[in-house]
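Engineer: Got a sequence here, can you model it:
(3 chains)
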Amino acid sequence: MVEQATLTSDLEAIVGTTDIAAQDELASFTVDGVTPSAAVHPENAEQVADLIRLANDRSVTIIPWGGGTEMHIGNLPSRYDVALNTVRLARMIEHEPANLTATCEAGMTIGSLQDSLAKAGQTAPFDPHVPRDATVGGLLATNASGAARHFYGTPRDFTIGMRLVTGDGLVTKAGGKVVKNVAGYDMCKLYIGSRGTLGVITEATFKLAPLPAASSDLAFRSRTARDASSFVMEIHGRGLSLRSVALLNAAAADSASRRDSKTYFLAIQFAGTTAGVKRSLNEARSLASESSLKLVPDLDSGDACASFFERGEGETIVRCSTISAETPSLMEAIEEIAPSAQIVATPLAGIVRARWTNTEVGPDSLAKVRECARRLDASLLIEDCPPDEKGRTDVFGPRPPSLPLLWQMKQQFDPGNVLSPGRYVDRI
Amino acid sequence: MAKTQIISDLQSAIGKKWVLYAPEDLLVYEYDATIERGLPEAVVLPNSAEQVAASVRIARRHNVPVTARGAGTGLSGGAIPCEGGVVLVTSRLNRILEVDAENRIAVVEPGVINLDISRAVDPHGLYYAPDPSSQKVCTIGGNVAENSGGPHCLRYGMTTNHVLGLEIVTAEGEIVSLGGKTDTAGYDLTGIVVGSEGTLAIVTKVIVRLLHKPESTITILAIFDEVDEASQAASAMIAGGVLPAALEMMDKNTMEAVEPFINAGYPPDAGAVLLIEVEGLEEDAREQSEQVQAVCKELSAREIRIGLSPEDRERLWAGRKGALGALGRLTPSYYILDGVVPRTRLPEVLRGIYDACDRHGFRVANVFHAGDGNLHPNVMFDEREPGVTERVLKLGEEIMRLCVDADGSITGEHGVGSEKRSYMSWIFSEDDMTAMKRLKLAFSATDGFNPGKVFPTSKGCGEVSSRMKAAIAKVGPDAYV
Amino acid sequence: MPDTSPIPIVPSSSDLAQCVRCGLCLQSCPTYVQTGLETESPRGRLYLMKALAEGEIEPTANVIGHMDQCLQCRNCEAVCPSGVPFGRIMERTRAGILEGNSSPFSWRLRSLFLRHVIAQPKALSIFAAVFRLYGRTGLRTLVERIPGIGERALLAPTMEGRPFTKSGLLARPDGEVRQRVALLTGCIMPHAFGRVHRATVRVLARNGCEVEAPPDQVCCGALHAHNGDLNTAMDLARRNIDVFLGAGVDAVIVNSAGCGAAMKEYDELLAGDSEYRDAAKRFSTLVKDISEFLVDLPFKVPSGQVQATVTYQDSCHLAHAQRITSAPREILRSIASLTLVEMDRPDGCCGSAGVYSLTQPKMSIELLDEKMRAVSDTKASVIATSNPGCMSQLESGLRRHGAPGEVVHVVELLDRAYPDR
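Structural biologist: This is a model prediction of the structure:
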């Protein structure tokens, strides 16, 4: 273990006395029950590099920390000494509305980024329903997506440049500021989704999109997941202005007090040109009237779409990825195993996210859901579960065939194993 | 050539018929669509991932590099075996293995022709979006290696945005699958291999995403008296938040070359045209088309042609996509660049390019993806003129400088190859490139795949400019599509 | 720039420099698509031909093999953005090889046959009579069943039906004479497909043309040029120019796409011949393919009908060398009750390619099989085309696959659609 007093003074030497968290604040940086010995708030990439070099010299481990909204995802840290909080790396570096690009620091919250871009009528195409206090760095580290994934893709699809400090303190740039660029390896792809195990993201550049001129919500009830899913596929196939889709099971709909405990609840959001949205609404309504779906009047579907990111204490949360057509079967199968599970899915991207309170389901529910996902060729990530379960299982699921390459990558970028050790696939 | 041990090993692995080693046969694998040259020692045409893996293992055992080759239409020398060795051609790996229309996914082998995917899924109302100008002949494997773009990338993104997973053969000769139809755990190795210019792995299978064909497509040809007006219009469209599906520009010199080939109706007396496509729902396309027309009028477009028939549309695109080949009609040689600049800087950089060409005394034809800020200046020259090659290369460097100084990049879609390796340091620091080298090391400690590409420090085709000088002098005109 | 050397037996350096290696030709090349080999692609062959011309490589058996595999269908030429005259380069390269010391025995043999049989009407008549007997006696059916030999024999030309032996004035229209035209009777066509000539003459007469066949005309020389015997080709060209210009007609009508293409290019062939250069230019402008000529007239829309589903095979030298693709289709569409169903890649070579089917039977059959698959997908009962070589090849395809249906020239269908023929 690192000696506390000297660690603090070394950290202070880098970031100054004010940018280090007080002891009583450390609990808020707890990861999977492990509370760090220190939390620092560097204010530039050089300080991040210094901190990482220090960690290598002193065998200290670091977990990068953004908004903390997704810190529950990952295997148990094998060690966790310092939280590297990006709260002070929160500046907008450059927004060029006329070029439809923006560069900001990693600690900027998505809320303030979008507010700032909105002034120019633009948006960074992250999922519109991610929590406002999630940070840009965090969203890139997790490659987070939700109900609008079929439309915007994931952050890997619109991030054109990054700065990242590697696990041995190299301050590196990847990509650039232009929307099309094949100079050298596409390093952004490596870093996005690497969950803080290869480096600390300090800055990113995005392609922006104009804010849609119009948007409008529709909500439906459906007796089966399959009917709702087919309806969505049809709407998408017609090219209607579908921006977000969330299909909730009855339990999830109940919890969001959309009371009607026997049916699935489908929330869709259209966005685009005024004429396009108008036609989309009309066609969707008339299509629904020919199907078994029932329109739910006057409902904002935004909170339903946000349920891809909701969580509660004492819960197990799994996120499955399957092919579009299998989405309803997977939903139904999970319901059968864990009837109280709240499930939200987006049939177009094939994502099914289920959460249940640990005390309300059988002890082997998780294992059964995993087995069921495997049977349906779906991949499954355990976002959250009781810590002892995390000790027994790899939350990322079975080892991927590329595992040796993943370890090689870790070895190359974080040779001292100081960044988020143990948290990634195969406990990298 | 004597039949060496490696030849007989390769023959026993993949069959006599599919190993070439006669000097005349090797000769036609020394080129691609660039001016680069490199003669292989053997050419193999495997028919399965296992045969690819076996070939790689044999080459490794004999300590010679392997360079993968699709159709050889690349524009950065990606398929040129700079250091000899084995060229591995994917043309027999050309099966479309699976079309899953419901889930909008296709699984194909690397030798499948880009356009053949769209042809195969067309009955389902689907298509494969990335459309490099060579899409009628280029292979998906090559597209993956170079992360190919195309006119419609403006709206739909590059190859990397449409590849869900890969099967690769590693430098050790192992078959590994990366990514897949669903999200998979681990670093995004698929995203890394796409665009790695064949230096990390050989791709043996590609899982691609398909899109629904748009309900409505409107093609607009906006004709301008001056290049400057056209480039300002392109910038203004982006700034106004209008994102067409494609926004292409061709200048006067380009149109002069294209018209005799295709009779597309490009006005050869105009300064420049913008070829614009908007698509989506009828309502959306119509609204976008009005916005586009308004911008063009604002910037004094001489004429705006709209309501074009499908045949007109096809001809205009054939002209656009064959434009660079057609330049062969105007000049014995030309040298193309592939710079990118922020869209706001387009007019000034373009002015800079014309100025520089004037100053150096060269004609230039510009035909490019204006909507992405991806410039393709083609410098026309006659290699028989003494000393001209040095001057062209100097001019090329000056143009690349203009792009980099405008916060741009040295390549937008063609790749670095060996030609542009020396420019890498203009946009990346030592540390940036160290990170890239580490990534390469993670894949293999040896330089077994396509050596001499991407990194300035690798040995390989030799000093870039002297190699190019010799090549230009020897072979004459160059082609880029 | 026209080549001004008297006997152009090497490709000009400016022709060779035209290729910028963009590769846009690759998928249009039947042999590249079939083999996946760059050596069997237009770009690869051009590179080899350039290396040959510059003396970098020798015409080894290997190199000659790659040249031999080329169909000379000129599909590459039609799609080439930089306008590489591939056909011309290939002919001159072959000429160079044939003239050189290392010309292969088979090439010399072939050229002797072409010169002394195909270009000699009397010899050809005897040859054709033998073939006719071969077909009629049922010997052909027998031979094609012999394993090993059958495949090779399959592609021998069909010589059935009544030969076309007339010359001089062939027909006068009933009413006013709109045009006076001369018909190229050609070498193989009158023996193999006399019925096409008869249909052509009837259709022309019905459309107000007075048709004659100048008696002293000779073979067009296309086969000779394709195989590198440019001297014979030029000889034949000069004789035809004299004969046809002497006839003082408004147009020279050709119903064989290969012959038409060659005759339209007499001006190129004789560009180095100061005596014939101007006459050749004049002559070439007179040459019209039958479909092209009829559509330009324009032809009378037939009042009868042809009840059939038809698919049209573009003859390479009509589509790629003469760039005529819409005229034959326009004729077919004018016929009532006829349904035209396009096959996949209708302009892909069927593998006939002059004497190619005899010299390269393996590749020829591979291409034919592809073609028959495409035809079968259309469910058409009639394959229409514009060249005797294609007709013969496609007939072989029908026999090989035991498929019903018939192969006709486009003009035959139009002829059938005119009542009271």
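
Engineer: Extract the C-alpha trace of stretch C:283-295 and format it as PDB.
Structural biologist: Only the C-alpha atoms of stretch C:283-295 are listed here, as PDB (Å, rounded to 0.1, in the frame of the first residue of the first chain):
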ATOM      1  CA  PHE C 283     -15.900   4.600 -96.800                       C
ATOM      2  CA  SER C 284     -16.000   4.300 -93.000                       C
ATOM      3  CA  THR C 285     -18.700   7.000 -92.800                       C
ATOM      4  CA  LEU C 286     -20.900   5.000 -95.100                       C
ATOM      5  CA  VAL C 287     -20.800   1.800 -93.000                       C
ATOM      6  CA  LYS C 288     -23.900   1.200 -90.900                       C
ATOM      7  CA  ASP C 289     -25.000  -1.600 -88.800                       C
ATOM      8  CA  ILE C 290     -28.400  -2.800 -89.900                       C
ATOM      9  CA  SER C 291     -30.100  -1.800 -86.500                       C
ATOM     10  CA  GLU C 292     -28.500   1.500 -86.500                       C
ATOM     11  CA  PHE C 293     -29.500   2.100 -90.100                       C
ATOM     12  CA  LEU C 294     -33.100   1.100 -89.600                       C
ATOM     13  CA  VAL C 295     -33.500   3.300 -86.500                       C
END
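
Engineer: Now do it: everything it contacts.
Structural biologist: C:181, C:200, C:203-204, C:207, C:240-241, C:244-245, C:249-255, C:257, C:260, C:263-267, C:296, C:318, C:322, C:324, C:326-328, C:330-331, C:386, C:410-411, C:414 (C-beta atoms under 8 Å, 6 or more residues apart in numbering or on different chains). Heads up, the C-betas are built off the backbone N, CA and C, glycines and all.

Engineer: could you flag which of those residues are buried?
Structural biologist: Using 16 or more other C-beta atoms under 10 Å in any protein chain shown as the burial test, these include C:181, C:200, C:203-204, C:207, C:240-241, C:244-245, C:249-255, C:257, C:260, C:263-267, C:318, C:322, C:324, C:327-328, C:331, C:386, C:410-411, C:414 as buried.

Engineer: which stretches of the stretch 51-200 of chain B form strands?
Structural biologist: Ranges of strands in the stretch 51-200 of chain B, per DSSP state E, counting those that start in this stretch, are B:66-69, B:86-89, B:96-100, B:105-108, B:126-127, B:163-169, B:175-179.

Engineer: which other helices and strands contact the shortest one?
Structural biologist: When contacts are defined as 3 or more C-beta pairs under 8 Å, 6 or more residues apart in numbering or on different chains; DSSP states H and E, strand B:126-127 packs onto helix B:114-121, strand B:211-212.

Engineer: which helices and strands does the first one pack with?
Structural biologist: Pointing back at helix B:114-121 there. Using 3+ C-beta pairs under 8 Å, 6+ apart: helix B:114-121 touches strand B:96-100, strand B:105-108, strand B:126-127, helix B:140-146.

Engineer: The last one now?
Structural biologist: Strand B:211-212 sits against strand B:126-127, with contacts defined as 3+ C-beta pairs under 8 Å, 6+ apart.

Engineer: Give the rounded mean pLDDT of the strand it packs on.
Structural biologist: Average pLDDT, strand B:126-127: 98.

Engineer: In a helix, C:R202, correct?
Structural biologist: Yes - assessed by DSSP: H, G, I helix; E, B strand; the rest coil, C:R202 belongs to a helix.

Engineer: longest helix anywhere in chain A?
Structural biologist: Taking DSSP state H as the criterion, chain A has its longest helix at helix A:274-289.

Engineer: any idea of the mean pLDDT in the helix or strand just after that helix?
Structural biologist: Toward the C-terminus, helix A:274-289 is succeeded by strand A:294-295 as the next helix or strand (DSSP states H and E). Across strand A:294-295, the average pLDDT comes to 92.

Engineer: in its sheet, what does strand A:294-295 sit against?
Structural biologist: Partner strands and pairing direction for strand A:294-295 (DSSP bridges) are strand A:214-222 (antiparallel).

Engineer: Kindly format the C-alpha coordinates of the partner strand as CSV.
Structural biologist: Written as CSV, here are the backbone C-alpha positions of strand A:214-222 (Å, rounded to 0.1, in the frame of the first residue of the first chain):
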residue,chain,number,x,y,z
ALA,A,214,-39.3,20.1,-35.4
SER,A,215,-39.8,17.1,-33.1
SER,A,216,-42.8,15.3,-31.8
ASP,A,217,-43.5,12.3,-29.5
LEU,A,218,-45.9,9.4,-29.9
ALA,A,219,-46.6,6.6,-27.4
PHE,A,220,-48.4,3.4,-27.9
ARG,A,221,-49.5,0.3,-25.9
SER,A,222,-49.0,-3.1,-27.4
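
Engineer: Now tell me what touches it from outside.
Structural biologist: By C-beta under 8 Å, 6+ apart, the surrounding residues in contact with strand A:214-222 are A:228, A:231, A:243, A:258, A:260, A:263-274, A:276-278, A:280-281, A:284-285, A:288, A:292-296, A:299-302, A:304.

Engineer: Any of the residues you listed buried? List them.
Structural biologist: Applying 16+ other C-beta under 10 Å to the contacts of strand A:214-222 flags A:228, A:231, A:243, A:258, A:263-273, A:276-278, A:280-281, A:284, A:288, A:293, A:296, A:299, A:301, A:304 as buried.

Engineer: how about B:E229, secondary structure?
Structural biologist: What three-state DSSP gives for B:E229 is helix.

Engineer: Look at it and report its pLDDT.
Structural biologist: 94.

Engineer: Domains of the chain: list them as residue ranges, please.
Structural biologist: As the question left the chain open, I've gone with chain A. A:1-211+A:404-428, A:214-306, A:315-387 (automatic domain parsing).

Engineer: ah, no, chain C please
Structural biologist: Residue ranges for the domains of chain C, per automatic domain parsing: C:13-103, C:106-154, C:168-295, C:302-417.

Engineer: what separates the first one from the chain centre, distance-wise?
Structural biologist: Its chain's C-alpha centre and that of domain C:13-103 lie 19 Å apart, by C-alpha atoms, centre = their mean, to the nearest Å.

Engineer: for the shortest one, same thing?
Structural biologist: Here domain C:106-154 shows a centroid-to-chain-centroid distance of 18 Å under the convention C-alpha atoms, centre = their mean.

Engineer: what do you get for the longest one?
Structural biologist: Remark: domain C:168-295 is offset 13 Å from the chain centroid, using C-alpha atoms, centre = their mean.

Engineer: got the end-to-end distance for that domain?
Structural biologist: Start to finish, the residues bounding domain C:168-295 are 25 Å apart (C-alpha to C-alpha, to the nearest Å).

Engineer: same question, the last one
Structural biologist: Counting by C-alpha to C-alpha, you get 6 Å between the two ends of domain C:302-417.

Engineer: where does the closest residue to chain A within the stretch 201-350 of chain C land in three-state SS?
Structural biologist: Chain A sits closest to C:D344 of the stretch 201-350 of chain C, with a gap of 26.3 Å, by C-beta to the nearest C-beta. Following three-state DSSP, C:D344 is assigned to coil.
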